[in-house]
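[1] after the sequence you'll find the predicted model.
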Amino acid sequence: MRWLQFSVNNKIQSGYLVGEQVHVIQGDFLDEWQDTGETYPLSAVKIEIPIIPRTFYAAGFNYAIHVAEIAKAMGEKPVLPTSADIGYRANNALIAHDEDVIIPADATEQVQYEGEIVMVIGKKVKNVSPSEALDCIFGYTIGNDVSERTWQKTDRTFFRCKNTDTFKPMGPWIETDFDIDQAITTIRVNGKQEIQFATKDMIFSFADFLSRASKYITFYPGDVMWMGTEGTSPNLVHNDVVEIEISGLGVLRNRFLKEGQ
């Protein structure tokens, strides 16, 4: 099932998608909800951020080729991570499908995409085993971990390079019926394919991250974890449109605009 948040006449509502028809619900799709019987054509609504997480987690360097290419760019020998470590991102940076990423006026030319699969936690999780971890996932969506690479080299806390307003597009919806073994991630800039990879080719799996982190951290319904990306991105410029497609999940599309242009 595909769950989404959407707005009509500036009123944000929740619903599920059947074909091109949005079915409106009352309540929380993570918990208890009722079908209202009201529907809208998908084309008649504005898609909003599918969920605002209580905590926003991110797994860095989780694809081997990405690790190798970043190391090469820095003139270093690639070193693969040895444990499933997570970091954090900020909710202020979240935007929805088809909303604009605003590149600050003082950013350098090294603004890049990172197309990622995102897992959405469905229940309270603490000390979960790898074999039980997948049962704690509600569904999956798509994220674009926009990064300013020059700032990334100097920001001790990543506050600008990763968490600038609008730098975290996520959506368009949450899919509960998803098979990662069949999924392909494709990233296009202005309609041109830049990279394609098997979504499952992660160094550490969903279960690895959930099990290890839950030894120390309690996850709650609605928390999200972004799972990293493959390869490297070209530098993005004013008016570029980035589309991240993950088969079985849909397409997340956003335009990049340089502040002041």
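    Thanks, I have the structure now.

[2] where does the stretch 1-150 of the chain have low pLDDT?
    Applying pLDDT under 70 to the stretch 1-150 of the chain flags residues 74.

[3] just the helices in it please.
    Ranges of helices in the stretch 1-150 of the chain, per DSSP state H, counting those that start in this stretch, are 64-73, 130-133, 149-152.

[4] pick the most buried one from the ones you listed.
    Stretch with highest mean neighbour count among the helices of the stretch 1-150 of the chain: helix 149-152 (a mean of 17; mean count of other CB atoms under 10 Å). In short, each C-beta sits where N, CA and C put it, glycine included.

[5] how far does it sit from its chain's centre?
    Offset of helix 149-152 from its chain centre (CA atoms, centre = their mean, to the nearest Å): 20 Å.

[6] for stretch 11-25, same thing?
    21 Å.

[7] stretch 78-86 too?
    The answer for stretch 78-86 is 20 Å, by CA atoms, centre = their mean.

[8] ok, now stretch 244-261?
    Put simply, stretch 244-261 sits 11 Å off its chain's centre (CA atoms, centre = their mean).

[9] what comes up buried for that stretch?
    Buried positions in stretch 244-261, judged by neighbour count with 16 or more other CB atoms under 10 Å: 244-246, 248-250, 252-254, 256-258.

[10] try stretch 220-236
    Neighbour counts over stretch 220-236 (16+ other CB under 10 Å) mark 220-233, 236 as buried.

[11] and it, C-alpha only, in CSV?
    Output of stretch 220-236 as CSV, limited to C-alpha atoms (Å, rounded to 0.1, in the frame of the first residue of the first chain):
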residue,chain,number,x,y,z
TYR,A,220,10.0,5.1,17.5
PRO,A,221,7.2,4.8,14.9
GLY,A,222,7.8,7.4,12.2
ASP,A,223,11.5,7.6,12.6
VAL,A,224,13.4,7.4,9.3
MET,A,225,16.8,6.1,8.3
TRP,A,226,18.4,7.0,5.0
MET,A,227,20.6,4.2,3.7
GLY,A,228,23.4,5.8,1.7
THR,A,229,24.1,5.9,-2.0
GLU,A,230,26.3,4.5,-4.8
GLY,A,231,28.7,6.4,-7.0
THR,A,232,29.3,10.1,-7.2
SER,A,233,27.3,13.0,-8.5
PRO,A,234,28.1,15.8,-11.0
ASN,A,235,28.0,19.3,-9.6
LEU,A,236,24.5,20.7,-9.8
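
[12] CA atoms only for stretch 189-201, dumped as CSV, please.
    C-alpha atoms of stretch 189-201 as CSV (Å, rounded to 0.1, in the frame of the first residue of the first chain):
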residue,chain,number,x,y,z
VAL,A,189,19.7,15.1,-14.2
ASN,A,190,17.6,17.0,-16.7
GLY,A,191,16.3,13.8,-18.1
LYS,A,192,19.8,12.3,-18.6
GLN,A,193,20.7,9.1,-16.7
GLU,A,194,23.7,9.7,-14.5
ILE,A,195,23.9,6.5,-12.5
GLN,A,196,22.1,3.3,-12.0
PHE,A,197,22.7,0.6,-9.4
ALA,A,198,21.1,-2.4,-7.6
THR,A,199,19.5,-0.9,-4.5
LYS,A,200,20.3,-4.0,-2.4
ASP,A,201,24.1,-3.7,-2.9
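
[13] quick one: mean pLDDT for it?
    Averaging pLDDT along stretch 189-201 yields 97.

[14] how close does the nearest residue to Ala183 once chain neighbours are set aside get to His23?
    The shortest distance from Ala183 to any residue other than its chain neighbours is 3.9 Å, reached at Thr199 (CB to CB, 6 or more residues apart in numbering). For Thr199, the distance to His23 equals 28 Å [CB to CB, to the nearest Å].

[15] so for those two, which sits in the more crowded spot?
    More crowded of Thr199 and His23, by other CB atoms under 10 Å: Thr199, with 25 against 15.

[16] who's in contact with the more buried one?
    Counting by CB atoms under 8 Å, 6 or more residues apart in numbering, Thr199 touches 117, 180, 183-185, 246-247.
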